[in-house]
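Asker: sequence and predicted structure are below.
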Amino acid sequence: TLNVRTMPPGFTGTISTATANKVQLIVGALRAWTGAVSGDWTVSGNWIGGVPAGGENIAFGNFTNQPTSNIPAISLGSIALTNTTGSYNISSANTFTLTRGAVPPAIYNNTAQSNTLAVPITFSTAAPTIRTDASGMLTLNGAISNGGLLLTVDSAGNCIISGAISGAAGLTKTGTGMMM
């Protein structure tokens, strides 16, 4: 039996053979926001796969309602913004701690839309990377802690960072997009 779940671009898994007759696809847990019920982060009906409890990769695709309330301080694998319509403006005083590095990127704006994360962000794994696509724009308005790790902004699109960046290892920019 092979059970494969649709994943946003940039999310990868590994295929291993457990026995001669089975193939196993191993991926990190994925939760996808739809906002089908409301803007409340804690309502299971707003998520495909259930409310993130910690450690999961999350994706924000097309939505009915934006996440606007009860956004917790949480440790996540990564955040992918994949919406093809509308723009996200996710705002909270609570910190997102991201544990993914470069593959998949800790934050991936994989869309032509302009999206904003106005939350404090802490990176806690080697090679933390923020990636934007060519026609999209990502704005990060919260304070960012690189966790003492070299933070890479790899942008073909534009990335605006207006919050303070702290941490000993610094910041590097790659790609053709602008970082402001």
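Answerer: Received, thanks. Nothing here was measured: the structure is a model prediction, and the numbers come from that model.

Asker: from now on I want contacts and neighbour counts done on CA atoms only, so please keep to that.
Answerer: OK.

Asker: which residues touch the one residue sitting closest to the centre of the chain?
Answerer: Among the residues of the chain, Ile79 comes closest to the average C-alpha position under Cα atoms, centre = their mean, at 0.9 Å. With contacts taken as Cα atoms under 8 Å, 6 or more residues apart in numbering, Ile79 has the following neighbours: 57-60, 106-108.

Asker: repeat for Pro67
Answerer: Under the contact definition (Cα under 8 Å, 6+ apart), the residues listed for Pro67 are 35, 38-41, 90.

Asker: which SS state does it fall under?
Answerer: Each residue gets one of three states, and Pro67 gets coil by DSSP: H, G, I helix; E, B strand; the rest coil.

Asker: how about it: what's its closest non-neighbour residue?
Answerer: Counting by Cα to Cα, 6 or more residues apart in numbering, Gly39 is the residue found nearest to Pro67 once chain neighbours are left out, at 4.4 Å.

Asker: how many neighbouring residues does that neighbour have?
Answerer: Gly39 is surrounded by 20 other residues when neighbours are defined as other Cα atoms under 10 Å.

Asker: do I have it right that it meets Thr68?
Answerer: Yes - here Gly39 lies in contact with Thr68, judged by Cα atoms under 8 Å, at a distance of 5.0 Å.

Asker: where's Ser166 relative to Ile74, distance?
Answerer: 19 Å (Cα to Cα, to the nearest Å).

Asker: considering the contacts of Pro67, which possesses the most neighbours?
Answerer: Each of these was scored for neighbours by other Cα under 10 Å, and Gly35 scores highest at 24 neighbours.

Asker: sec struct for it, please.
Answerer: Looking at Gly35 with three-state DSSP, the answer is coil.

Asker: that one against Gly61, yeah?
Answerer: No - applying Cα under 8 Å as the test, Gly35 and Gly61 come out as separate, 9.7 Å apart.

Asker: which SSE is Thr111 in?
Answerer: Counting by DSSP states H and E, there is no helix or strand that carries Thr111.

Asker: which residues does it contact?
Answerer: Here Thr111 is in contact with 81-84, 132-133, 135-136 (Cα under 8 Å, 6+ apart).

Asker: make a markdown table from the residues you listed and add pLDDT, distance to Thr176 and neighbour count to it.
Answerer: Supplementary listing: these in a markdown table, determined by pLDDT from 0 to 100; distance: Cα to Cα, whole Å; neighbours: other Cα atoms under 10 Å:
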| residue | pLDDT | distance to Thr176 | neighbour count |
| --- | --- | --- | --- |
| Leu81 | 95 | 20 | 27 |
| Thr82 | 93 | 20 | 20 |
| Asn83 | 93 | 22 | 20 |
| Thr84 | 92 | 22 | 13 |
| Thr132 | 94 | 10 | 26 |
| Asp133 | 88 | 10 | 21 |
| Ser135 | 87 | 11 | 15 |
| Gly136 | 89 | 13 | 19 |
